[in-house]
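Q: Generate coordinates for the sequence data below:
(chains A and B)
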Amino acid sequence: MKKYTITLLLICLVLVAGAQVRITGSVTDNRGRILAGASIAVKNSYDGGLSDSTGHFSFRTTEKGAQVLVVTSVGYKPVEQAIQIAQEPIEVNFQLKEEISELKAVVVTAGSFEAGDRKKAATVLSSLDVYTTGGANADITAVVKTLPGAQQVGEQEGLFVRGGAGYEAKQFIDGTLVNNPFQASVPDLASRGRFAPNLFKGTIFSTGGYSALYGQALSSALIMESIDIPDRSEATASISPIFLGVGLQKVASDKKSSLGMNYGYTNLVAYFQIVKQKPDYFKMPQLHNADFNYRFKTKNGGMVKYYTMFGSIHTGLRRPNIDDPSLKNALELNNTNWYNNLSWRENLGGGWKMNLGLGYSTDHTRILQQIQNAQNQAVTTGTPWIDNNNFNLKTRSDLSQIKLVFDKRLSGISVLRFGSEYQYFYNRSNYNNLQASLTDHFKSVFAEADLYLTNALAAKIGTRFEHSSLMNKANIAPRLSLAYKTGKGAQMSIAYGVFYQKPENTYLYATTNFGYAKASHYIVNYIKQTTLQTFRIEAFYKAYDGLVKTTPTYFSGGKGDAKGIELFWRDKKSIKGLDYWISYSYLDTKRDFLNYPKELQPTFAANHTTSLVVKRFINKINTGFNFTYSYATGRPYYNIMQSGSSYTIADQGKTIDYHNLGFSFNYLTSLGKAYAVIVGSVTNVLNAKQVFGYNYSHDGSRKDAITPPAPQFFFLGLFLSWGVDRRQDAINNNL
Amino acid sequence: MKPFIIILSMFFVGHLTAQSRYETGMQKGLEQFGAAKSAEDMTAVSAFFERIGDAEKDKWLPYYYAAQTNILVGWMNPKADKDKLAEKTRELIDKAEAIEKNSEIYCLRQMVAVQQMTVDPMTRWQSYGAEANKALENAKKADPNNPRIYMLDGQTLMNTPEAFGGGKAVAKKLFEKSIELYGTFKPVSPLHPNWGKDQAEKLLAACQ
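A: Residues are numbered from 1 along each chain as shown, chains lettered A, B, ... in the order given. Below you'll find the predicted structure:
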């Protein structure tokens, strides 16, 4: 028996205290750069080590004979190597190949800014930023205006991007076009966007060179993605002197579906009593907004979302008539808008995905304008250019659309995307009982590939084909962009693309004998980014062709170009607790369009625009303070008059520089069981004079400055939310 | 008879050493864990636990400790790229969960989400905060008597503004609950997670 005990002991000894052999070596990546922190292990044993900051490793092992070394490092493909362990020390060097992954891969960023909570090179704003930008009053467009490329245009709504007019920028929600993204407005007054920022989890502001999935926007696309199932159920209420709102969002207990509804009522009666407005409002602006959403997850992890919104606005205002200051133009506006969006995203398996978007919207506007005398009685003067201001205009604008996009995963993370879109536009106009209507069956087919050649090099190649039945014309728009990683957190992108847009309805009512307006974009950008800092510089050139001309006849003969340089810097790091961004845009653009007698810098383009946005949240007092300062050099204005058959510039000039300092604070607290946020904001804190342009009288002898209706806008509101927070419930049940 | 006994005893020895290899390995790992002074030491401990996990294939504890120590690396080295570390931590947690899903592992998910949130809390609390809460919810479902859940929850709430339902008063209740549970908590084995009591007591003291 003793013998066995000895054998047993011996076996134990050998197993426990075998002779140790040293294994050393180094780890680099496939470009020969040092890889620190890689793990080296003898397979199926506990022995191993880590590579140090010089890429070297060294460890001892008790294993013997034929073994396998495994080297792993996050983001790299593991490598295995067979070794023979005897008495001698072993040296092995490894080279690891990078894995192409979505987290590490370079992203095409030329021309695009992203707001959202995903960590990507294009992401410069978070969803929260939309609420906490001073003076922006939680209007997505106002926040986007603090980014490079956008102009500070205050006399009409829309995004004026890189020398483009407001109608050359389009908005998309979950892939489909939004026909009337802004509240209906009266001339010379800008209106807000229709959609509340909390509807969206991500927004991409493209200042050019955007994807082939989108079209019909010469200069810019604002692409918004709505949220899926919210985290929790809640009831909300908003109270302010101008606005009352209630909302309810219910999330099913299995978190597979949710439904919600909101109602808001805006009335400016009280506000206009306190803050004097330049126009004389005989109908105080009143707005109703109601929306409803229903979202559910499908069996295979897909998502169906339905959103509908109904909005109406009614207002009436009097302003002096420019030709005869003793008379007034009294304008009354009635608008209703119903918007519907249904989207379905589904994983089809085998690397296939589908995105289906359906949309229907209808917009009805009625504008009634009268010439009135000092006693506010309707008058007829007999002077045609004054009496022309008496009109009754009814318009209806409908859009029904369907868009289907398929995604096919190629090798690695490369993706091929293709699909088709059909839009049915129906527009009807009644001008002083003069009827006209337009219908357009607009079809497009598109394909696009995101190709990741390595983590450092990516390309996006796409083409779009479009056909309009109204003009009976087709176009093919190629798009191409490349991104190359130049170092850690640094990358360069270039983009080229051709973009087409059909003329606005105003001109199509007169004749459909137009071609598409065309813009070719060339963009180069460089980004250096860490988690808390972003630096971006971008240069672009755009060539316009086929812009709408209204003289001598209506035709697509306009042209022009735009070039510029833009800078963006965001920093949350240098000054503790302070978050700020600066953007600067230089723009040099000229175009010959509409009735311009030659190529001119358009009235909506300033040469230099800059914004500084500063935010600070002070934890001790639960309050955030936000400032936004925007500056733009003066914009040109022209009085273009007809003399015989030609148009000439009778007068021209430049407006004064634009300054706007916006401020807002948000104080977080609780009221009873509700979370409460008190928001206060002021635009144009310094009360700077703002002139957006000039209106001319018929004979050109008088010009009136276009200014905001009041120099400042004040807002104070209380936002309450009663969260049905399951987490709190869970805690309470367990205590 | 003789050969039979030899074979039998070798079998027995083989089995014994396999058991003790894991146990001694884990004990060695836990000792190193206790002795780790720097982020580098902690990284080495994490790698060691990961190697045990890779070699054993059916044990979740090595991956659990590998993930826990990797999270600690992030706290010990303020300059560490927490997103990159989290990528590794999540990989380790995934490996542990592939073997067994339990309350302790869900707690790790909360810890890694909280660590990533601290990179840019103002922007990230919405996404990472929700993820952390979800993880604790799951942890509670799996084992409501795990004292670490309440300690971790309290820790986050303590640093959450009162306006968002946080604050010391709320946190205090949770720490008390946690300490009460630590009183009766018995780890399944000496190798199972049994940490956090001191921390809970310190945090409770800070709430007084």
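
Q: so what's residue 88 closest to, chain neighbours aside?
A: You didn't say which chain, so I picked chain A. A:V21 (7.3 Å; CB to CB, 6 or more residues apart in numbering or on different chains). Quick note: C-beta positions are derived from backbone N, CA and C, even for glycine.

Q: not what I meant, chain B
A: A:V74 (4.8 Å).

Q: show me where the chain has helices.
A: I went with chain A, as the question did not name one. Along chain A, counting by DSSP state H, helices occupy A:2-16, A:140-144, A:269-274, A:384-387, A:505-508, A:726-734.

Q: That was the other one, I meant chain B.
A: B:2-35, B:39-56, B:60-76, B:82-99, B:103-117, B:121-124, B:130-142, B:147-158, B:168-184, B:197-207.

Q: mean pLDDT for these: which is lowest?
A: Ranked by mean pLDDT, those bottom out at helix B:2-35, which scores a mean of 71.

Q: Could you report the neighbour count for the closest residue to chain B within the stretch 401-550 of chain A?
A: Here the stretch 401-550 of chain A gets closest to chain B at one residue, A:T531, 5.5 Å apart by CB to the nearest CB. Neighbourhood size, A:T531 [other CB atoms under 10 Å in any protein chain shown]: 16.

Q: shouldn't it be in contact with B:K84?
A: No. Taking CB atoms under 8 Å as the definition, A:T531 is not a contact partner of B:K84, at 10.5 Å.

Q: A:G154: neighbouring residues, count only.
A: 22.

Q: need the contact list for A:S429.
A: Contacts for A:S429 (CB atoms under 8 Å, 6 or more residues apart in numbering or on different chains) come out as A:L393, A:K394, A:T395, A:R396, A:Q435, A:A436, A:S437, A:N505, A:Y509.

Q: Could you do A:K43 as well?
A: Contacts of A:K43 (CB under 8 Å, 6+ apart): A:Q67, A:V68, A:L69, A:V70, A:E80, B:D54, B:A55.

Q: cool, and A:W344?
A: A:W344 touches A:T298, A:G302, A:M303, A:V304, A:K305, A:M354, A:N355, A:L356, A:G357, counting by CB under 8 Å, 6+ apart.

Q: Between these, which sits nearest A:N289?
A: Among the contacts of A:W344, A:K305 lies closest to A:N289 (CB to CB), at 19.0 Å.

Q: Identify the residue nearest the residue sitting nearest the centre point of chain B in space, chain neighbours excluded?
A: What sits nearest the mean C-alpha location of chain B, by CA atoms, centre = their mean, is B:Q68, with 4.2 Å. Closest residue in space to B:Q68, ignoring its immediate chain neighbours: B:L108 at 6.4 Å, by CB to CB, 6+ apart.

Q: again, but for A:G260
A: A:Q249 (3.8 Å).

Q: What separation do you get for that neighbour and chain B?
A: 15 Å (CB to the nearest CB, to the nearest Å).

Q: what's the answer for A:S670, then?
A: According to CB to the nearest CB, A:S670 and chain B sit 6 Å apart.

Q: likewise A:N695?
A: Counting by CB to the nearest CB - A:N695 and chain B are separated by 44 Å.

Q: Check A:N595 too.
A: In terms of CB to the nearest CB, A:N595 sits 47 Å off from chain B.

Q: which two in the contacts of A:W344 are spaced the farthest apart?
A: Checking the contacts of A:W344 with CB to CB, the most distant pair is A:T298 and A:G357, at 15.6 Å.

Q: So if I had to pick from these two, which one is more boxed in?
A: Neighbours per residue, other CB under 10 Å: of A:T298 and A:G357, the larger number sits with A:G357, 23 against 13.

Q: Please save the CA atoms from stretch A:500-510 in PDB.
A: Taking Å, rounded to 0.1, in the frame of the first residue of the first chain, the C-alpha atoms of stretch A:500-510 are listed here in PDB:
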ATOM      1  CA  TYR A 500     -32.500  67.700 -58.000                       C
ATOM      2  CA  GLN A 501     -35.600  69.500 -57.000                       C
ATOM      3  CA  LYS A 502     -38.800  70.300 -58.800                       C
ATOM      4  CA  PRO A 503     -40.000  74.000 -58.800                       C
ATOM      5  CA  GLU A 504     -42.300  75.200 -56.100                       C
ATOM      6  CA  ASN A 505     -46.000  75.000 -56.800                       C
ATOM      7  CA  THR A 506     -46.300  78.700 -57.200                       C
ATOM      8  CA  TYR A 507     -44.500  78.500 -60.500                       C
ATOM      9  CA  LEU A 508     -45.900  75.100 -61.500                       C
ATOM     10  CA  TYR A 509     -49.400  76.600 -61.400                       C
ATOM     11  CA  ALA A 510     -48.300  79.000 -64.200                       C
END
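
Q: how far does it sit from the chain's center?
A: 25 Å (CA atoms, centre = their mean, to the nearest Å).

Q: who's in contact with that stretch?
A: A:167-168, A:215-218, A:397, A:427, A:429, A:436, A:438, A:440, A:442, A:466, A:468, A:470-471, A:475, A:477, A:514, A:516-519, A:548, A:550, A:554, A:556.

Q: which of those residues are buried?
A: A:167-168, A:215-218, A:397, A:427, A:429, A:440, A:442, A:466, A:468, A:470-471, A:475, A:477, A:514, A:516-519, A:548, A:550, A:554, A:556 (16 or more other CB atoms under 10 Å in any protein chain shown).

Q: Domain parsing of the chain, as residue ranges.
A: Going with chain A. A:15-96, A:112-734 (automatic domain parsing).

Q: The intended chain is chain B.
A: B:28-132, B:145-208.

Q: Pull the contacting residues for A:M471.
A: A:D440, A:K502, A:L508, A:T512, A:N513, A:F514, A:G515, A:Y516.

Q: returning to that earlier point: return the distance of the residue nearest to B:K88 relative to A:D545.
A: 50 Å (CB to CB, to the nearest Å).

Q: again, but for A:K485
A: Applying CB to CB to A:K485 and A:D545 gives a distance of 34 Å.

Q: what's the answer for A:A710, then?
A: Relative to A:D545, and taking CB to CB, A:A710 is found at 41 Å.

Q: Same question for B:A44.
A: Counting by CB to CB, the separation of B:A44 from A:D545 is 64 Å.

Q: Go through the contacts of A:K43 and name the one nearest A:A235.
A: B:D54 (50.2 Å).

Q: burial count for the closest residue to the closest one other than its chain neighbours?
A: Counting by CB to CB, 6+ apart, B:D54 lies nearest to A:A41, which is 6.5 Å off, once chain neighbours are set aside. Using other CB under 10 Å, A:A41 has 25 neighbouring residues.

Q: doesn't A:F57 make contact with A:A41?
A: No. Contact between A:A41 and A:F57 fails when scored by CB under 8 Å: they sit 10.5 Å apart.

Q: My guess is A:V498 contacts A:K518. True?
A: Yes. Counting by CB under 8 Å, A:K518 is a contact partner of A:V498 at 6.6 Å.

Q: Tell me the buried residues in stretch A:331-345?
A: Neighbour-count burial for stretch A:331-345 [16+ other CB under 10 Å]: A:331-345.

Q: Stretch A:638-646 now?
A: A:Y638, A:N639, A:I640, A:M641.

Q: Could you measure from B:D54 over to A:V92?
A: 18 Å.

Q: Which one's more surrounded, those two?
A: Between B:D54 and A:V92, B:D54 has the larger neighbour count (other CB under 10 Å), namely 21 against 15.

Q: Distance check, that one against B:V73.
A: Taking CB to CB, one finds B:D54 at 19 Å from B:V73.

Q: Same question for B:T43.
A: 5 Å.

Q: What of A:N392?
A: A:N392 is 73 Å from B:V73, by CB to CB.

Q: Measure how buried the closest residue to B:D143 other than its chain neighbours is and give me the count.
A: In space, and not counting its chain neighbours, B:D143 is closest to B:S103: 3.6 Å by CB to CB, 6+ apart. Other residues near B:S103 number 19, with proximity taken as other CB under 10 Å.
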